[in-house]
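Colleague: have a look; sequence and predicted model below, questions after that.
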Amino acid sequence: MGLGPRSCWTVLLLLAFVPQGGQCVSVRFPSQQPVYVINGENLILQAQIDWSLGESISKVTWAHEAEGTKNSGKTVVAEFPFKSSGGRVTVEKDGAVMKLSNYQRTDSGAYTITVSNQHGDQASARCSVHEYEAVHHVSVMVNVSHSVLHCREAWGTDPVFSWLHEQAAVTEAVGKVSADGSSLQLSIPLCGHFTCVVSNKLGHSSATYTGVPCERSNGGTAVAIVCLLLVLLLAGGLTFLLWRRCRHYSSRRERLQESYEDTV
């Protein structure tokens with residue numbers, strides 16, 4: 001026997017309110033990339049919590065697993081409704097946001113948020129947190145056959161690369177910098193001083209590669225020509241003055257001789 005129209009609507013309504021497996025509650029972080037925090041600043045982690053119609057969130061737990069410690073276990077640092085293991089940790093927005101003040105190296109590691117609904121269903125998400133490191137040990141290597149300079153940095157966070165040639169910013173006339181800034185494809189001979197500067201939020205460091213001395217440019221030749229012309233002009237002026245002086249003395253002797261002959 002088939003179902004009537006009213007019975008069909010009843011079944012559909014019941015199905016709409018029956019929890020579907022795996023869709024009751026979910027949680028995730030906006031990005032899967034690690035989070036880096038400067039020592040002494042605040043760590044803020046925000047998760048996206050979703051739940052089905054008719055569901056409600058009964059509990060949110062934040063746990064921490066220390067970095068570099070195997071099998072250390074997780075330590076609960078905060079819960080919603082509000083409960084924290086220390087004064088440095090607070091939660092906001094119904095547990096979706098965790099704030100930790102005065103971040104220290106020991107706070108690095110993995111943070112897990114676990115969300116539970118009124119039926120006991122749970123969902124979790126994990127985020128890696130590391131200390132923001134300064135730039136260390138910058139070095140420059142050269143590939144002579146390809147006229148390429150490579151800049152390397154040890155373990156700084158978010159390093160930014162820039163290049164100088166003879167203490168001036170590199171232009172296209174000197175070479176082409178790679179997309180990430182770590183390499184320089186030269187358009188000129190490998191001469192002079194090439195400096196790679198690596199920086200981030202905590203400062204900068206640099207290293208210099210010194211090639212063979214560069215030949216003098218046309219500007220130096222022009223200066224030499226100008227100096228030579230000045231010397232020639234000076235020498236010509238002195239020669240002219242000496243000639244004028246000799247001619248003056250010669251004319252004076254001729255006049256003295258003519259005056260002496262007239263008196264005799």
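Modeller: That came through, no problem.
Colleague: residues near L100, how many?
Modeller: 24 (other C-beta atoms under 10 Å). Bear in mind the C-beta positions are built from the backbone N, C-alpha and C, glycine included.
Colleague: give me the beta-bridge partners of the residue nearest the centre of the chain?
Modeller: Per C-alpha atoms, centre = their mean, the C-alpha nearest to the average position across the chain is that of V160, at 2.7 Å. Beta-bridge pairing of V160 under DSSP bridges involves S199.
Colleague: tell me who's in contact with it.
Modeller: Contacts for V160 (C-beta atoms under 8 Å, 6 or more residues apart in numbering) come out as 181, 198-200.
Colleague: ok, the residues you listed vs I38, which is closest?
Modeller: Nearest to I38 among those: N200, at 10.1 Å, using C-beta to C-beta.
Colleague: show me where the stretch 101-250 of the chain has its strands.
Modeller: All strands of the stretch 101-250 of the chain, identified by DSSP state E, counting those that start in this stretch, fall at 109-117, 122-131, 139-143, 148-152, 160-165, 168-169, 175-177, 183-186, 193-200, 203-210.
Colleague: pull the residues that contact stretch 48-62.
Modeller: Counting by C-beta under 8 Å, 6+ apart, 17, 19-20, 23-30, 45, 76-81, 89, 91, 94-96, 98, 111-119 sit against stretch 48-62.
Colleague: count of residues packed around the spatially closest residue to H150 that is not a sequence neighbour?
Modeller: If the residues on either side of it in the chain are set aside, H150 comes closest to M141, at 4.7 Å by C-beta to C-beta, 6 or more residues apart in numbering. Number of residues near M141 (other C-beta under 10 Å) recorded here: 13.
Colleague: distance of M141 from V148?
Modeller: 9 Å (C-beta to C-beta, to the nearest Å).
Colleague: just V91 next, same as before
Modeller: Distance from V91 to V148, by C-beta to C-beta: 51 Å.
Colleague: more neighbours, these two?
Modeller: Neighbours per residue (other C-beta under 10 Å) separate V91 from V148, with V91 holding more: 23 against 17.
Colleague: quick one: strands adjacent to the helix or strand harbouring the more buried one?
Modeller: V91 is part of strand 89-92, with elements assigned from DSSP states H and E. Partners of strand 89-92 in the sheet, by DSSP bridges, are strand 97-100 (antiparallel).
Colleague: where does this structure have low pLDDT?
Modeller: Along the chain, segments meeting pLDDT under 70 span 1-23, 69-72, 83-86, 216-224, 226-227, 243-244, 247-264.
Colleague: quick revisit: in the strand holding V91, which residues are buried?
Modeller: Within strand 89-92, the residues that count as buried by 16 or more other C-beta atoms under 10 Å are 89, 91.
Colleague: tell me which residues are up against that strand.
Modeller: Residues outside strand 89-92 that contact it (C-beta under 8 Å, 6+ apart) are 60, 62, 77-80, 82, 84, 97-100.
Colleague: re the thing from before, weed out the non-buried ones from the contacts of V160.
Modeller: For the contacts of V160, buried by 16+ other C-beta under 10 Å: 181, 198-200.
Colleague: closest to L233 out of these?
Modeller: G181 (50.8 Å).
Colleague: okay, the closest one and V231: tell me how far apart.
Modeller: Using C-beta to C-beta, G181 is found at 48 Å from V231.
Colleague: got the strands of the stretch 101-250 of the chain as JSON lines, with distance to I38 columns?
Modeller: Below are these laid out as JSON lines (distance: least, C-beta to C-beta, whole Å):
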{"stretch": "strand 109-117", "distance to I38": "16"}
{"stretch": "strand 122-131", "distance to I38": "8"}
{"stretch": "strand 139-143", "distance to I38": "25"}
{"stretch": "strand 148-152", "distance to I38": "23"}
{"stretch": "strand 160-165", "distance to I38": "16"}
{"stretch": "strand 168-169", "distance to I38": "28"}
{"stretch": "strand 175-177", "distance to I38": "28"}
{"stretch": "strand 183-186", "distance to I38": "28"}
{"stretch": "strand 193-200", "distance to I38": "10"}
{"stretch": "strand 203-210", "distance to I38": "12"}
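Colleague: show me where the stretch 151-264 of the chain has helices.
Modeller: Here the stretch 151-264 of the chain has its helices, by DSSP state H, counting those that start in this stretch, at 218-263.
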